[in-house]
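*Asks:* sequence plus predicted model, see below.
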Amino acid sequence: MQTSFSTERFEISEVVKTVLNDVKRLMEKHGKLIVVDIGFKPHIICADYDFTEFVLSSQSFLNKSGDYLYLTNWLGTGLLTSDGSKWKKRRRLTTPAFHFSILESFIPSFEKNSDILLQKLDNLVGQEIDIYRYVTLFALDVIAETAMAVELRAQDFEDSDYVQHVKTMCRIIQDRPLSIFKSNDLFYPLFPDYYIERRAVKYLHNVTYNVIDSRMAAQKDTHGFREEYDELGKKKRMPFLDILLQSEIDGKSLSRDDIREEVDTFMFEGHDTTASAISFALFLLSNHQDVQERALEEQKLIFEDDLHQTISFEDLHEMKYLECVIKETLRLYPSVAAYARRTTNEIIYKGHVIPRGINIAIFAYGILRDPEFYENPDNFDPGRFELNDGKKPYAYIPFSAGPRNCIGQKFAILEMKVILSKVLRRFQLLPTSPLHQIILSAEAVLKSKNGIKLKLVMRK
Ligand code: HEM
């Protein structure tokens, strides 16, 4: 298909402040490559297959756009926000933290925190609930335990300072880019959020520093973390922080600040994304009893009569249909609906000149609902992923693709399988009455403005 950029220009108010389906509609009218001025800066917004592949697979588009600057007060320039050689070194260093043997060692932590969530949900049976509120605390507990080896107990202490400050930061990260004045560093101090953010960042950094210091002290006491394998020869749980503490770049250990950046990056990117995906999956299951029934049948086959059994790595591997449910959920509700890069040189693409310093936003939400790749794209149909019909790889990009894809993809899928398996086996999920209508909002992480509501009934 001939690629062409729409010659019309759109304003921020017309696009970013409205919901994702408006961007989709704009593309239906003007084509899959449109140029939008956001804060006077032109952004190419792309849902075109060839251009997406060109950008995501290339080594020339590895730098993030200025839109990520709002994250840096909290996250510094960790893996998500860094560019150039810093990013390359950090990526090399953090990749071993996602080795499958390490992921396997996290399963008990996923299970333990799932059990806490189930206990909370037991008390809500029969009521219409906003599931996102409970799942987000679960996801925060999981990531604190696996990244920092800290039992946060967010599910028990929702009002704790840490949980409140994380919530504040997630809100500010979403809100700030949408305001012309707040997004400008010059005007930002005129708003209360500036001071609220400073207080939150100071608190969160202090917590991370304290955790780093006590882990460092423990490392000194035990002369390094030696017991990496248990008596069965399986790798013991190795929190991400320990891997960072043992790592070196160019022969030098990472500084406290370096480690803090990466730990905070995982705390943010590892909880909000999964919380949104798990909540949407539960919502979709509550609205599609046939899919829920099939997913439950698979669970019964795996666990035979004992539906309370703990989950092994092999069990998770067998949850093929549940994996299709997860994939289909992320197709309809990709936690990161768009992600952006910045050109560092002039680029020629099919005869078009793209100047240096241009932001390119890959509109994953649009690609994932494109009828060219998915029949009846707005329908929830996990079965479509059972047919290996050789779909084009850059048409399924909820975790992005290429060298800067999501490093936590396998972690996220395993965590989701554990919690969904546990919830499915314990409860029947029902829709609310009247049916809850999701209102999507175009934030850094995809959310529903009016919550994600469903009802639970205890299974016999
Ligand atoms: C359903 C869950 C998740 C989804 C849909 C998701 C999606 C994504 C996407 C689309 C990107 C690319 C962003 C960009 O280019 O700006 C990304 C990057 C990243 N994700 Fe995830 N993510 C998920 C879970 C996780 C988890 C659990 C972790 C950590 C444990 C994680 C850590 C990261 C990091 C560190 C990056 C930056 C990678 C780099 O630039 O090299 N993510 N994720």
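*Replies:* Good, I have the coordinates. Numbers count the residues shown, from 1 in each chain.
*Asks:* which regions of the protein lie under the pLDDT threshold?
*Replies:* 1-19, 38-40, 221-237, 388-390, 442 (pLDDT under 70).
*Asks:* quick check: residues of it near the ligand?
*Replies:* The chain comes close to the ligand at residues 79-80, 91, 265-266, 269-270, 273-274, 277, 330, 335-336, 339, 398-400, 404, 406-408, 411-412, as judged by Cβ under 6 Å from any ligand atom. C-betas here are computed from N, CA, C, even on glycine.
*Asks:* the stretch 251-400 of the chain: helices as residue ranges?
*Replies:* 256-269, 272-287, 289-303, 313-318, 320-332, 364-368 (DSSP state H, counting those that start in this stretch).
*Asks:* buried set for the fifth one?
*Replies:* This points to helix 320-332. Across helix 320-332, burial judged by 16 or more other Cβ atoms under 10 Å covers 321-326, 328-332.
*Asks:* which among those gets closest to G357?
*Replies:* Of all the buried residues of helix 320-332, L330 has the smallest distance to G357: 31.5 Å, by Cβ to Cβ.
*Asks:* that closest one contacts T274, doesn't it?
*Replies:* No - contact criterion Cβ atoms under 8 Å: L330 and T274 do not qualify, at 10.6 Å.
*Asks:* what ranges does the protein have for its strands?
*Replies:* With DSSP state E, the ranges of strands along the chain come out as 9-11, 33-38, 41-46, 128-130, 248-249, 252-253, 339-342, 347-349, 352-354, 359-362, 427-430, 440-441, 447-448, 453-458.
*Asks:* elements contacting the fourth one?
*Replies:* Applying 3 or more Cβ pairs under 8 Å, 6 or more residues apart in numbering; DSSP states H and E, one finds that strand 128-130 makes contact with strand 453-458.
*Asks:* for the residue of the chain found nearest the ligand, what are phi and psi?
*Replies:* For the chain, the residue closest to the ligand is G408, as judged by Cβ to the nearest ligand atom, at 2.2 Å. Backbone geometry at G408, expressed as degrees, to the nearest 10, gives phi -100, psi 10.
*Asks:* how close does the residue nearest the centre of the chain sit to G84?
*Replies:* Most central in the chain under Cα atoms, centre = their mean is T273, positioned 2.6 Å from the mean C-alpha point. Here the criterion is Cβ to Cβ, to the nearest Å. By it, T273 lies 24 Å from G84.
*Asks:* count of neighbours near K120?
*Replies:* By the criterion of other Cβ atoms under 10 Å, K120 has 14 neighbours.
*Asks:* pretty sure it sits against E158.
*Replies:* No - taking Cβ under 8 Å as the definition, K120 is not a contact partner of E158, at 10.0 Å.
*Asks:* could you dump the helices of the stretch 251-400 of the chain to a markdown table with distance to Q59?
*Replies:* Shown next, in a markdown table, are those (distance: least, Cβ to Cβ, whole Å):
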| stretch | distance to Q59 |
| --- | --- |
| helix 256-269 | 22 |
| helix 272-287 | 25 |
| helix 289-303 | 40 |
| helix 313-318 | 33 |
| helix 320-332 | 26 |
| helix 364-368 | 21 |
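*Asks:* what's in contact with stretch 415-426?
*Replies:* Contacts with stretch 415-426, where a contact means Cβ atoms under 8 Å, 6 or more residues apart in numbering, come from 106-107, 110-111, 114-115, 117-118, 121, 135, 138-139, 142, 274, 277-278, 281-282, 285, 292, 295-296, 299, 303, 307-308, 311, 315-316, 319, 322-323, 325-326, 429, 458-459.
*Asks:* one more pass at 7 Å, please.
*Replies:* By Cβ atoms under 7 Å, 6 or more residues apart in numbering, the surrounding residues in contact with stretch 415-426 are 107, 110-111, 114, 117-118, 138, 142, 274, 277-278, 281-282, 295-296, 299, 307, 311, 316, 319, 322-323, 326, 459.
*Asks:* and for stretch 78-96?
*Replies:* Taking Cβ under 7 Å, 6+ apart as the rule, stretch 78-96 contacts 62-64, 68, 71-72, 75, 77, 243, 247, 249, 261-262, 264-265, 269, 407.
*Asks:* CA atoms only: put stretch 110-129 into CSV for me.
*Replies:* Provided in CSV are the C-alpha atoms of stretch 110-129 (Å, rounded to 0.1, in the frame of the first residue of the first chain):
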residue,chain,number,x,y,z
PHE,A,110,2.5,-13.9,42.6
GLU,A,111,0.5,-16.6,44.4
LYS,A,112,0.9,-15.2,47.9
ASN,A,113,-0.3,-11.8,46.9
SER,A,114,-3.1,-13.3,44.8
ASP,A,115,-4.3,-15.1,47.9
ILE,A,116,-4.4,-11.8,49.8
LEU,A,117,-6.5,-10.3,46.9
LEU,A,118,-8.9,-13.2,47.0
GLN,A,119,-9.4,-12.7,50.7
LYS,A,120,-10.3,-9.1,50.1
LEU,A,121,-12.6,-10.0,47.3
ASP,A,122,-14.3,-12.7,49.4
ASN,A,123,-15.8,-9.8,51.5
LEU,A,124,-17.2,-8.1,48.3
VAL,A,125,-19.1,-11.0,46.9
GLY,A,126,-22.5,-10.0,45.5
GLN,A,127,-21.7,-6.3,45.3
GLU,A,128,-20.9,-4.3,42.2
ILE,A,129,-17.2,-3.3,42.6
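*Asks:* neighbours of F411, how many?
*Replies:* 24.
*Asks:* list the residues that contact it.
*Replies:* By Cβ under 7 Å, 6+ apart, F411 lies in contact with 98, 103.
*Asks:* please redo it, this time with the cut-off set to 8 Å
*Replies:* Neighbouring residues of F411 by Cβ under 8 Å, 6+ apart: 98, 103, 106, 146, 270.
*Asks:* repeat that for N73.
*Replies:* Contacts of N73 (Cβ under 8 Å, 6+ apart): 197-198, 201.
*Asks:* the same query, at a cut-off of 7 Å, please.
*Replies:* Contacts for N73 (Cβ under 7 Å, 6+ apart) come out as 197, 201.
*Asks:* R199 versus that one, what's the distance?
*Replies:* Relative to R199, and taking Cβ to Cβ, N73 is found at 11 Å.
*Asks:* same deal with S335?
*Replies:* 27 Å.
*Asks:* looking at those two, which is more packed in?
*Replies:* Neighbours per residue (other Cβ under 10 Å) separate S335 from R199, with S335 holding more: 25 against 11.
*Asks:* can I assume the more buried one is in contact with A277?
*Replies:* Yes - using Cβ atoms under 7 Å, S335 is in contact with A277, at 5.1 Å.
*Asks:* contact partners for the closest residue to Q127 other than its chain neighbours?
*Replies:* The spatial neighbour of Q127 that comes closest, neighbours along the chain excluded (Cβ to Cβ, 6 or more residues apart in numbering), is K455 at 7.0 Å. The contact partners of K455, by Cβ under 7 Å, 6+ apart, come to 127-128, 430, 432.
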